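> after the sequence you'll find the predicted model.
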Amino acid sequence: MKYWIILLSIAASLPVHSQKKVVPVTFSEIAGITLPEGSKQDARGLIVASARVLLEYESKKNNSTIGETEVLVLPAKNKSGFTLDSLFAKLHNAGWQINPLEYDNKYAWLKKENLQVLSYFSFNKNSTDVYFGKAYASSDITSTEINSQYDEKSDVLHLNERFTFSITNWDDGWISIIDEDKVVVKKNQIKVFIYFPLQYDDKAISSGRDYFWDHFIARQFRVLSKQYRDGGEVMAAFQPPYIEGSAIDSKSGEACFLGFYITSDAGFMYPTLVIAPDESSLHRQFPNAADKYHSDIPGMRNYNKFAIGKKDLTGTWTGGTSAAMNYYNAYSGNYLGMNAVVGSDEFHFNTDDTYSSVH
C-alpha cells in the first residue's frame, strides 16, 4: 500500500489568523470528565497531529499506538485552582485506574475496562495543557510493570491468540514463532529468543551486560558456566555486551550452550539469546557473536515479523514523526526562532472492507 505523507513546516513567529477550531468546552469526550470553566479544545490539525506524535513517542515504549487524540487547554492553576491532583481526582471518580510514569510524571496511563488512554499534562504560567490519546494494541504493561514482565506469568500476553498468523517461515530456513513473552526463531537445532525491550534503570545501567543475564537468563536456565570474550580488553566501554556459557534448559532438561548479546538505545535494552546444542554449533552459526561492533546476533531481531490477516487490520492505525530546529545568532547568541516539521497519517479499517485515511 502506498500513501503520501504531507509535511507541514511552521516558523515559530508565524501568526495564527484563524481560531475557528479552538472552541470552549466543559467536558472531555475521551476521559469522560468535566473541565474547569474557561477550558478550550484545540482541534486544529497540526496541533492535534503534534500532540499525537508526542504521545506516540512514549506509547511505542509500551508496544502501543495512539489513535483519536484530544488537545485541551485549561486555565492556569493560579487562576482556576485546578491542579494535577484535581485532575487525577476527577479521573479516579470517573472510574479510571491511573498509572503515572515513574521516570516522567507528565505522562500517565489511564485504564478502564477495555479502554486504555495515554495522558500528558503540562502546567504552564498562563495555561494547563492536557492531551488524551486512545491507545491501541497495547501490551497492557505499564511503566511500573516493565521490569517485572518476566517474573509475573499473569502479565504475559498470549499474542498468538490475538493475530491470524503466529508463524513465519523464512526463505533462509529460519522459522519465527510468537511465544508468550518473546519471539522464538528456530533453525535446525538452534533457537534464538528475541526478548521484549526493557527500560533501563540505575541498577541495570550499573550492571551493564550482566543485568539481564543474572536477573532473567539465570532464572530460565540452570547456568553451569558464565564467561566473556573480551579479548583482553579491561575497559568496560570497549568490551562487547556479550556473555556465553553452558547451561541446562529448565523446561526440557537438555544440556545447551548460551550466547547472549544485549544492545541499547534511547533508555531501553534489547536482549537477544542464542541457544545451541554446544559451543561449536553456536560459533559456526554466529562466527561474530562476540564482536562489539559487528556481532551477528542483534540482527536476528529482524526476524520479529509476521504476516497479518484481514481481521488484524480492523481498527485504527496511526504513524507520524516530527523534527524541530532552533536558530541562534552566531555572533550575539540571541535566539532567532524555530522551524518545525510534523508528519502524521491515520488509517481507519472497517469490518465491511472499507477504510478512510487522513494525512
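Looks like it arrived, so ask away. The shown structure was predicted, so the numbers you read here are calculated from the model rather than taken from an experiment. Numbers count the residues shown, from 1 in each chain.

> ok, how many other residues are close to the nearest residue to residue 355 once chain neighbours are set aside?
Excluding its sequence neighbours, the residue lying closest to residue 355 (CB to CB, 6 or more residues apart in numbering) is residue 349, at 4.7 Å. Any C-beta I mention is one placed from the backbone N, CA and C, and that applies to glycine too. Residues within reach of residue 349, counting by other CB atoms under 10 Å, total 18.

> now do the strands in the stretch 51-200 of the chain.
Ranges of strands within the stretch 51-200 of the chain are 65-75, 97-101, 104-112, 115-123, 127-136, 167-169, 175-178, 182-187, 190-195, 198-199, based on DSSP state E, counting those that start in this stretch.

> just checking: what are the partner strands of the last one?
Strands flanking strand 198-199 in the sheet, each with its direction: strand 268-276 (antiparallel) (DSSP bridges).

> quick one: the strands of the stretch 51-200 of the chain as JSON lines, columns for mean neighbour count and distance to residue 356 too.
JSON lines is the format used below for the strands of the stretch 51-200 of the chain (neighbours: other CB atoms under 10 Å; distance: least, CB to CB, whole Å):
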{"stretch": "strand 65-75", "mean neighbour count": "22", "distance to residue 356": "13"}
{"stretch": "strand 97-101", "mean neighbour count": "16", "distance to residue 356": "32"}
{"stretch": "strand 104-112", "mean neighbour count": "17", "distance to residue 356": "26"}
{"stretch": "strand 115-123", "mean neighbour count": "19", "distance to residue 356": "22"}
{"stretch": "strand 127-136", "mean neighbour count": "22", "distance to residue 356": "16"}
{"stretch": "strand 167-169", "mean neighbour count": "12", "distance to residue 356": "30"}
{"stretch": "strand 175-178", "mean neighbour count": "18", "distance to residue 356": "30"}
{"stretch": "strand 182-187", "mean neighbour count": "18", "distance to residue 356": "32"}
{"stretch": "strand 190-195", "mean neighbour count": "20", "distance to residue 356": "34"}
{"stretch": "strand 198-199", "mean neighbour count": "19", "distance to residue 356": "35"}
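
> any chance of those strands in CSV, plus distance to residue 216 and mean pLDDT?
Supplementary listing: the strands of the stretch 51-200 of the chain in CSV, determined by distance: least, CB to CB, whole Å; pLDDT from 0 to 100:
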stretch, distance to residue 216, mean pLDDT
strand 65-75, 27, 89
strand 97-101, 22, 86
strand 104-112, 24, 85
strand 115-123, 26, 88
strand 127-136, 26, 89
strand 167-169, 25, 91
strand 175-178, 19, 92
strand 182-187, 10, 93
strand 190-195, 8, 95
strand 198-199, 9, 78
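
> could those go into a markdown table alongside distance to residue 270?
Shown next, in a markdown table, are these (distance: least, CB to CB, whole Å):
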| stretch | distance to residue 270 |
| --- | --- |
| strand 65-75 | 19 |
| strand 97-101 | 20 |
| strand 104-112 | 21 |
| strand 115-123 | 22 |
| strand 127-136 | 22 |
| strand 167-169 | 19 |
| strand 175-178 | 16 |
| strand 182-187 | 12 |
| strand 190-195 | 8 |
| strand 198-199 | 8 |
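
> nearest to residue 273, out of those?
The closest of these to residue 273 is strand 190-195. By CB to CB, the value is 4.3 Å.

> where in the chain is the helix or strand with the lowest mean pLDDT?
strand 8-11 (a mean of 32; mean pLDDT, DSSP states H and E).

> and the next element down the chain from it?
strand 22-24 (DSSP states H and E).

> centre of the chain to that next one, how far?
Between the centre of strand 22-24 and the centre of its host chain there is 32 Å, according to CA atoms, centre = their mean, to the nearest Å.

> packing partners of it?
If you count contacts as 3 or more CB pairs under 8 Å, 6 or more residues apart in numbering; DSSP states H and E, strand 22-24 packs onto strand 40-42.

> helix or strand: which one has residue 240?
Here residue 240 is assigned to no helix or strand, by DSSP H and E.
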